Structures are given as C-alpha cells and as structure tokens.
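**Student:** Quick one, fold the following:
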Amino acid sequence: MYCPLCKAEYRDGFTECSDCHIALVPTQEQAKQFRTGQLCTDDGAVLNALLNSLADENIAFRSREVLRSSPWPWLSFLFWRYAKPKPASEFRVDVFEKDWPRAKEIFDRVAAAEPLD
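**Tutor:** Take a look at the predicted model:
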C-alpha cells in the first residue's frame, strides 16, 4: 500500500496515509501515476494561512520543512549588524496536479495578504 501524494509505503491493512490523510493505493506504480505540484515559502505565517485555506477547500496536501544548504545563516550571524538574516529553512507544500490551479490561487492570495500585527 502506498500514498499517492507522499509516496510513503504502508503495510497491508492500512487504508489511509497517516500524514496526508488520503486513501492509499495498492501498488507503487499506481502511486507514481499521481503527479504533484509544489508550493514553497519561508514565512511561517504564510504557511499556516495556506494550510488552513487548503484544508478549508478540501485540497489534499503534504507539508514539510527543508533546511537550506547555503552558508548564509552562519554568515548572517557573524555580520548581523550589516545584513538582514535570511531564513535557514523553507516550507514546501505538495498538492496533486489536479488541484494545482486552485492551490496556486490560494497561495497567491495568502502570500499577498497584509501581515497581521
């Protein structure tokens, strides 16, 4: 059993992915047939608003945090008075290709929203 979104493998008897909360498919080949798109941000507030909006719209997603491999976080720590530090990680959200247009529209709307003070 495989998750069509995150491609995780499950033992027989499982019917739903514990991370994505969607139905599993029997074979890895079937899971590979599902194409996905990816949204990325380094803003935690945007991520939270995006995930809430995707859930409200019943769009299946998988989110994860990925560390960047650039040396910038260490350099920014050394030169913090002269340079604005950049985030050391980014958040990636995977959605099915069939949901991509709606998810991208939601992402654009959420990213353009005024920050809450």
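
**Student:** quick one: contacts for the residue nearest the centre of the chain?
**Tutor:** Central residue of the chain (CA atoms, centre = their mean): residue 93, 1.3 Å from the mean position. Residues in contact with residue 93 (CB atoms under 8 Å, 6 or more residues apart in numbering) are 38-40, 47, 50-51, 54, 61-63, 103, 107. To be clear about C-beta, it is placed using only N, CA and C from the backbone, and glycine gets the same treatment.

**Student:** So which of those residues are in strands?
**Tutor:** 38-40, 61-63 (DSSP state E).

**Student:** Which of those are buried? Put it as a PyMOL command.
**Tutor:** Entered in PyMOL, the line below selects the buried ones among the ones in strands among the contacts of residue 93, by 16 or more other CB atoms under 10 Å:
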select buried, resi 39+61+62+63
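
**Student:** that older thread, which residues does the residue nearest to the centre of the chain form a beta bridge with?
**Tutor:** Taking DSSP bridges as the rule, residue 93 bridges to residue 39, residue 63.

**Student:** do you know how far it is from residue 107?
**Tutor:** According to CB to CB, to the nearest Å, residue 93 and residue 107 sit 8 Å apart.

**Student:** Tell me, how many residues neighbour residue 36?
**Tutor:** The local packing of residue 36 (other CB atoms under 10 Å) involves 19 other residues.

**Student:** do the same with residue 25
**Tutor:** Number of residues near residue 25 (other CB under 10 Å) recorded here: 16.

**Student:** That one and residue 2, how far apart?
**Tutor:** Computed as CB to CB, the residue 25 to residue 2 distance reads 6 Å.

**Student:** quick revisit: okay, and the common contacts of residue 93 and residue 107?
**Tutor:** Overlap of the contact sets of residue 93 and residue 107 (by CB under 8 Å, 6+ apart) consists of 39, 50.

**Student:** which one of the contacts of residue 93 is nearest residue 17?
**Tutor:** residue 62 (8.5 Å; CB to CB).

**Student:** re earlier: what's the overlap in contacts for residue 25 and residue 2?
**Tutor:** In contact with both residue 25 and residue 2: residue 31, using CB under 8 Å, 6+ apart.

**Student:** Thanks again, I'm all set now.
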